[in-house]
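S.K.: Give me a 3D structure for the following:
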Amino acid sequence: MGIRRFLAGTLAVTAWLVAISACETSGTPATSGTPTSSGGPNPSSTTTRAPRAVPFFGLDVPRADSLELQRVASVIGCQPSVVSSFVKLDSAFSVHNLRALNSHGATPFVTLEPWSQTLRSGQVDEPAYRLASVTGGSHDAALVRIARAIAAYGKPVYLRFAHEMNGDWYPWATRVNAGSSSTYVAAWQHAHDVMARAGAHNAKWVWSPAALATGPDGPAGGLSAMYPGDHYVDFVGFTGYGLTESAATTFDPWLADVAAFTSRPVILSEIGADGPNKVAWISSLGPYLEQHPQIAGFVWFNTTPSSTGASGYYRIDNSSAQVTAFRAVLARLLIPCSSPPKVTPS
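M.R.: Here you go, the predicted structure:
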């Protein structure tokens, strides 16, 4: 995760209704296009769309620990249909990791970070992990290895590649380490094509900037230059943490910004809330998702500064008021909540 600098805007947005199948209700990504020879999705030419299913509920816990995941699910009374995990280029990643994420029927949501396990957020001056190194093929072997694991898994996988590129805390960001919008796009397209050729056609690519409040890449513009194109993107994602007011103030400017250059469906791919308005922000999430049917789902990050280095205390399960508010959101959205299995020590 990156440094959270997420404040509020107030611009509303209206958007395209997307068709999401019944299987997506359980967290399975909808196919947004027909595979091409390079493995990328084409924009759908269908003009008549079925009613949208309820959004999915995803969960991230530190290190994707299965016991912690089930503990949180037990507290909130809901088994997530999407489970998040982070993978770096040199991670010991295999099909077994994806099967573990899917052990209770959840769709894996993999954030693929093009750098090393030895690095941490803020270490940005890393020539070995410049965007040009991705485009130049320096990491093709790692990309192929990860792609083959995804292909062997054989079921849909959300793949969030090189996220928060509009910040300045990762070496693949557009404003550091000799990066730029054009080098980011080239690196994304190269990684996509390499992994598609390696057989990862079941990967659904999630392009995911951070909801920054100010700067040259803020709501006034800049994101469109970083967008790899609909041929290479299945979902638009956002990292956005509620520190004030409501979900609308956190997400509206970014939905409006991307609606100007793509109609791909949206995932709130990394969200949480902290501060004195935390319960109110959580409560606002249900109505907000009802009002924005282009949002396919959300992934709540149940993290803290001590557990992951997060800049806020985003756990949902540390007060009865928060748990009650979160349960109300799930109920309002009609998100199906199967009974979580009991957590027993191994």
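S.K.: export stretch 178-195 as PDB, just CAs?
M.R.: C-alpha atoms of stretch 178-195 as PDB (Å, rounded to 0.1, in the frame of the first residue of the first chain):
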ATOM      1  CA  ALA A 178      12.700   8.600 -14.400                       C
ATOM      2  CA  GLY A 179       9.000   7.800 -14.900                       C
ATOM      3  CA  SER A 180       6.400   9.500 -17.000                       C
ATOM      4  CA  SER A 181       2.900   8.900 -18.100                       C
ATOM      5  CA  SER A 182       4.100   7.500 -21.500                       C
ATOM      6  CA  THR A 183       6.600   5.200 -19.900                       C
ATOM      7  CA  TYR A 184       3.900   3.900 -17.500                       C
ATOM      8  CA  VAL A 185       1.500   3.200 -20.400                       C
ATOM      9  CA  ALA A 186       4.300   1.400 -22.300                       C
ATOM     10  CA  ALA A 187       5.300  -0.700 -19.200                       C
ATOM     11  CA  TRP A 188       1.600  -1.700 -18.500                       C
ATOM     12  CA  GLN A 189       1.000  -2.700 -22.100                       C
ATOM     13  CA  HIS A 190       4.200  -4.700 -22.200                       C
ATOM     14  CA  ALA A 191       3.400  -6.600 -19.000                       C
ATOM     15  CA  HIS A 192      -0.100  -7.200 -20.200                       C
ATOM     16  CA  ASP A 193       1.100  -8.700 -23.500                       C
ATOM     17  CA  VAL A 194       3.800 -10.800 -21.900                       C
ATOM     18  CA  MET A 195       1.400 -12.300 -19.500                       C
END
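S.K.: Check which residues of it are buried.
M.R.: Across stretch 178-195, burial judged by 16 or more other Cβ atoms under 10 Å covers 179, 181, 183-192, 194-195. Heads up, the C-betas are built off the backbone N, CA and C, glycines and all.
S.K.: helices and strands around the longest helix belonging to the chain, which ones?
M.R.: Secondary structure of the chain per DSSP state H: the longest helix is helix 181-197. Packing partners of helix 181-197 (3 or more Cβ pairs under 8 Å, 6 or more residues apart in numbering; DSSP states H and E): helix 131-135, helix 140-153, strand 157-161, strand 203-207.
S.K.: Quick one: residues in contact with that helix.
M.R.: Contacts to helix 181-197, defined as Cβ atoms under 8 Å, 6 or more residues apart in numbering, come from residues 38-40, 114, 130-132, 134-135, 137, 140, 143-144, 146-147, 150, 161-162, 165, 172, 174, 203, 205, 207, 222, 225-229, 232.
S.K.: again, but for stretch 310-321
M.R.: Applying Cβ under 8 Å, 6+ apart, the contact partners of stretch 310-321 are 1, 3-4, 72, 75-76, 241, 243, 272-275, 279, 282, 300-305, 322-323, 326.
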